[in-house]
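Student: sequence and predicted structure, then a few things I'm wondering about:
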Amino acid sequence: MGRIDEMYRRSLDNPEQFWAEAAAEIEWDEPWERVLDDSRAPFYRWFAGGRLNSCHNALDRHVEGSRADQLALIYDSPVTATKGTFTYRELRDAVARFAGALVAEGVGRGDRVLVYMPMVPEAVIAMLACARIGAVHSVVFGGFAAHELASRIDDAKPKVIVAASCGIEPSGIVPYKPLLDEAVGMAESKPERCIILQRSMLEAELVPGRDVDWEEAVSRAVPAPCIPVEATDPLYILYTSGTTGQPKGIVRDNGGHAVALAWTMKHIYDVQPGEVYWAASDVGWVVGHSYIVYAPLFHGCTTVLYEGKPVGTPDAGAFWRVISEHDVCTLFTAPTAFRAIRQQDPEGSHIDRYDLSRFRALFLAGERCDPETLGWAQEKLGVPVIDHWWQTETGWPIAANCLGIERLPVVPGSPTRAVPGWDVHVMDSAGAELPSGEIGALVVKLPMPPGSSPTLWNADERFSEVYLSAFPGYYQTADAGYLDDNGYLFVMSRTDDIINTAGHRLSTGAIEEVLAAHPDVAEVAVIGVADELKGQLPVGFLVLKAGVERTHAEIVAEVVQLVRERIGPVASFKVAAVVERLPKTRSGKILRGTMRRIADSDEYTIPATIDDPAALDEIGDALREIGYARPVSVSVHDG
């Protein structure tokens, strides 16, 4: 039995002992009374009775130890041509002072603070300052629409909102303050105070009596100490858009979160304290919370905060510059970032311009990583490329190649095996376990491990209904996939992206794999569209590599033939369109569901998380050219 097998078995056979050992890496103010509290099952709680402070574990204990003068945070902003660094002592002092500014505004343990910020150090400082005083932070992606922001204000009811005057995109300045003012005007639950970071490129008008300038608030603040909280107290709320129009507030607690994230840095990512770790994401997403802010700092690493894009700031070599300049050992980003880099620089010519000798692993998550992208990254970078799978709700990886335990062979298309602590099963719609190789619903046996969301904010019943009701005793991931004979997991698509073509269940992910293998294709999406005869038919969308000059008709004919050869006539794949880009959320997820509704001429709502709404118009045009998508009414997502 390999090391990973032994650890995995131990985590399922005796989870309480397993996680108690992991909890020794965290400093506790008071020990827990129960490792696992199952008294309100299926609402399980970890480390009940224990007391700790997440900010102390991220900063103060390192300052009190040997890391006071080690870099904690590197800020790299190509969009503003600025860079900055904070040692652990400097970051602790900045956080303590801003925590004092929050205390001066009446914020205390359990109060909510909403953070509406771009990728600037002050966003990290605000998050950790809340953790320091036991307040609950809720980060909303900077630039989110006012209605969307208002719905989150009404759900969380923050005492204070921390915002910036603007964000910077490659396309220009995005004023945040007008969006904030509109959202506060719409919200029923008004904040008592807004603290505004004025950025030099666009200063905002402050509302007298409500708004306070960040610098002024900090200049008169008294540094605040860490306040111990219950392990089961909430650390943050992170909203995801709900299907009912009411956003879902994913709750993360303090104790289990600290234990699980510290464990992952060593065991999954194989990163040592003192090394430089970079998660190229945003603090508005779970990856930013978990792996820009908390996990690297819990583990004593240096973390990179990047305000830029994978391409266009200034070119497709942006990531390699950051890795080289800051001695990054491990990068975690979304497959869509690598598809963008590959599309712009198919030969990887930018890579040779930089010294990547200290770089040793690339982790990808957020969208399914197609084997072509994984193979390209492996070939060009010469390091392990690890696809891993997790969700906002889980807070950390469900399945991964755990480099810090035992490196397993990489199987393209698979995030390898379930991580210790995660008991993953594949079931049919009736709740029966499926044999290896058969696609079904991916579910996790309860209790889920520490660090996963124990519930939704003020909505236990909704949590149960959304996640626990379809498969009693299991968490429903809403992803579909299968396990192979070696225990490798294949996450093929969301459950609603399994299409039924003339009685055959087909995964759009499997068809996407084939399309992505075409040498001229950089990125793909496949959706199932309604068909009177066969129920649903797959339709493909292709983004071509830069410099490809062949006719679209030729390329489409070739990918249709490829699917026929590799999957067979059963796929009924006959239609594809070449497009300039795919519509995505700001975190890089392709909006397949919205594309499907456009194709089927259903009414649809423009998701609040969309990066550029114009991309949907382009998809509509492409669909009409191939006989789909009659004009329908469109609305903007209102929460």
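Tutor: Now that the structure is in, tell me what you want to look at.

Student: give me the below-cutoff pLDDT ranges for the stretch 501-639 of the chain.
Tutor: Along the stretch 501-639 of the chain, the parts satisfying pLDDT under 70 run over 502-505, 631-639.

Student: give me that answer again for 80
Tutor: Residues of the stretch 501-639 of the chain meeting the criterion pLDDT under 80: 501-507, 510, 532-535, 566-570, 587, 629-639.

Student: likewise for the chain?
Tutor: Scanning the chain for pLDDT under 80 picks out 1, 143-144, 241-246, 367-368, 493-507, 510, 532-535, 566-570, 587, 629-639.

Student: quick check: longest helix of it.
Tutor: helix 88-104 (DSSP state H).

Student: now for that helix, which elements pack on it?
Tutor: Packing partners of helix 88-104 (3 or more C-beta pairs under 8 Å, 6 or more residues apart in numbering; DSSP states H and E): helix 61-64, strand 71-77, helix 121-133, helix 214-219. In this view, the C-beta of every residue, glycine as well, is placed from N, C-alpha and C.

Student: the inter-axis angle of the helix or strand following that helix versus helix 121-133?
Tutor: Next helix or strand after helix 88-104 toward the C-terminus (DSSP states H and E): strand 112-116. Counting by axes from the mean of the first three to the mean of the last three C-alpha atoms, to 10 degrees, strand 112-116 points 170 degrees away from the direction of helix 121-133.

Student: what comes into contact with the longest helix of the chain?
Tutor: Helix 88-104 is contacted by residues 55, 59-60, 62-63, 67-73, 86, 113, 121-122, 124-126, 128-130, 132-133, 135, 160, 195, 217-218, 220-225 when judged by C-beta atoms under 8 Å, 6 or more residues apart in numbering.

Student: chain center to that helix: distance?
Tutor: Relative to its chain's centre, helix 88-104 lies at 27 Å (C-alpha atoms, centre = their mean, to the nearest Å).

Student: what do you get for stretch 86-97?
Tutor: 26 Å.

Student: how about stretch 320-330?
Tutor: Counting by C-alpha atoms, centre = their mean, stretch 320-330 comes out at 21 Å from the chain centroid.

Student: follow-up on the earlier one: do you know which of the helices and strands packed on helix 88-104 lies nearest Ala557?
Tutor: strand 71-77 (44.2 Å; C-beta to C-beta).

Student: list the neighbouring strands of that closest one plus their orientation.
Tutor: The strands that strand 71-77 pairs with in its sheet are strand 82-87 (antiparallel), strand 302-306 (parallel) (by DSSP bridges).

Student: now the first one, how far from the centre of its chain.
Tutor: Read that as strand 82-87. Relative to the chain's own centre, strand 82-87 is displaced by 24 Å; criterion: C-alpha atoms, centre = their mean.

Student: which residues touch that strand?
Tutor: Residues outside strand 82-87 that contact it (C-beta under 8 Å, 6+ apart) are Ala68, Asp69, Gln70, Leu71, Ala72, Leu73, Ile74, Tyr75, Asp76, Ser77, Ala94, Pro121.

Student: cool, and the last one?
Tutor: The list of residues contacting strand 302-306 from outside it, by C-beta under 8 Å, 6+ apart, reads 70-77, 119-121, 124, 274-280, 292-293, 296-297, 322, 326, 328.

Student: and the residue at the greatest distance from the centre of the chain, what helix or strand is that in?
Tutor: Taking C-alpha atoms, centre = their mean, the residue of the chain most remote from its mean C-alpha position is Leu533, at 38.5 Å. Using DSSP H and E, Leu533 sits in no helix or strand.

Student: phi, psi of it?
Tutor: Here is the backbone geometry of Leu533 (degrees, to the nearest 10): phi -80, psi -50.

Student: now neighbour count too, for the contacts of strand 82-87, in TSV please.
Tutor: Listed next are the contacts of strand 82-87 as TSV, based on neighbours: other C-beta atoms under 10 Å:
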residue	neighbour count
Ala68	15
Asp69	10
Gln70	17
Leu71	19
Ala72	25
Leu73	23
Ile74	22
Tyr75	19
Asp76	20
Ser77	19
Ala94	21
Pro121	20
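
Student: quick revisit: report the buried members of the contacts of helix 88-104.
Tutor: Buried by 16 or more other C-beta atoms under 10 Å: 55, 59-60, 62-63, 67, 70-73, 86, 113, 121-122, 124-126, 128-130, 132-133, 135, 160, 195, 217-218, 221, 223-224, out of the contacts of helix 88-104.

Student: quick one: terminal-to-terminal distance for stretch 401-419?
Tutor: Between the opening and closing residues of stretch 401-419 there is a gap of 8 Å (C-alpha to C-alpha, to the nearest Å).

Student: buried ones in that stretch?
Tutor: 401-403, 405, 408, 410-411, 413-419.

Student: and which of those residues is nearest to Asp345?
Tutor: Ranked by distance to Asp345 (C-beta to C-beta), the buried residues of stretch 401-419 are led by Val410 at 22.8 Å.

Student: ok, the closest one touching Val385?
Tutor: Yes - the criterion here is C-beta atoms under 8 Å, and Val410 meets it with Val385 at 7.0 Å.

Student: thinking again about what came up before, from the strands paired with strand 71-77, which stretch is densest packed?
Tutor: Among those, the stretch with the highest mean neighbour count (mean count of other C-beta atoms under 10 Å) is strand 302-306, at a mean of 24.

Student: check which helices and strands the helix or strand following that strand is in contact with.
Tutor: Sequence-wise, the next helix or strand downstream of strand 302-306 (DSSP H and E) is helix 318-326. Secondary-structure packing of helix 318-326 (3+ C-beta pairs under 8 Å, 6+ apart): strand 71-77, strand 276-279, strand 302-306, strand 328-333.

Student: so can I have a markdown table of those showing distance to Val140?
Tutor: Below are the helices and strands packed on helix 318-326 laid out as a markdown table (distance: least, C-beta to C-beta, whole Å):
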| stretch | distance to Val140 |
| --- | --- |
| strand 71-77 | 20 |
| strand 276-279 | 19 |
| strand 302-306 | 18 |
| strand 328-333 | 22 |
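
Student: of those, which is nearest Glu30?
Tutor: Closest of the helices and strands packed on helix 318-326 to Glu30 is strand 71-77, at 26.4 Å (criterion: C-beta to C-beta).

Student: show me the strands in the stretch 351-500 of the chain, by range?
Tutor: Under the criterion DSSP state E, counting those that start in this stretch, the stretch 351-500 of the chain contains strands at 361-364, 385-387, 399-400, 417-418, 424-427, 440-445, 474-483, 489-494, 498-501.
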